[in-house]
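> Quick one, what's the 3D model for this:
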Amino acid sequence: MEIHSSAEVRSLVIDLIATSLREAGHDPARVGDEINLLESGVLDSLGLLSLISDVEDRLGTELELSDAEPEDLAVLGRFCRQVERQLGG
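Predicted structure coming up:
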């Protein structure tokens with residue numbers, strides 16, 4: 001899958017977690033970039049690892065997130081920006 005913009009990264013991530021968002025009481029179409037996926041109950045730590053793996057699988061690349069701050073992975077908008085940066089965006 002080829003991603004060209006931050007909107008496409010965000011769309012991919014939302015698609016991957018849409019069911020979890022709904023189960024936690026959030027509308028995937030209206031969720032803001034500032035939502036903390038862990039604190040809001042959308043994902044637990046294993047769910048976050050699964051999301052990272054799913055994004056890597058869909059994009060056909062391995063993400064290097066070892067230097068990322070925890071908030072950069074848990075907050076939706078910051079996670080999407082991390083992914084976009086690694087894709088050269």
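> any idea where the helices of this structure begin and end?
Counting by DSSP state H, the chain forms helices over residues 6-23, 45-59, 70-74, 76-86, given from the N-terminal end onward.
> for those, which one sits closest to E34?
helix 76-86 (6.4 Å; C-beta to C-beta). To be clear about C-beta, it is placed using only N, CA and C from the backbone, and glycine gets the same treatment.
> and the angle for the closest one with helix 45-59?
In terms of direction (axes from the mean of the first three to the mean of the last three C-alpha atoms, to 10 degrees), helix 76-86 departs from helix 45-59 by 40 degrees.
> So for helix 76-86, what gets flagged as buried?
For helix 76-86, the neighbour count (16 or more other C-beta atoms under 10 Å) marks 76, 78-84, 86 as buried.
> Please list the residues outside it that contact it.
When contacts are taken as C-beta atoms under 8 Å, 6 or more residues apart in numbering, the neighbours of helix 76-86 outside the stretch itself are 3, 5-6, 9-10, 13, 31-37, 51, 55, 59, 61, 63-65, 68, 71-73.
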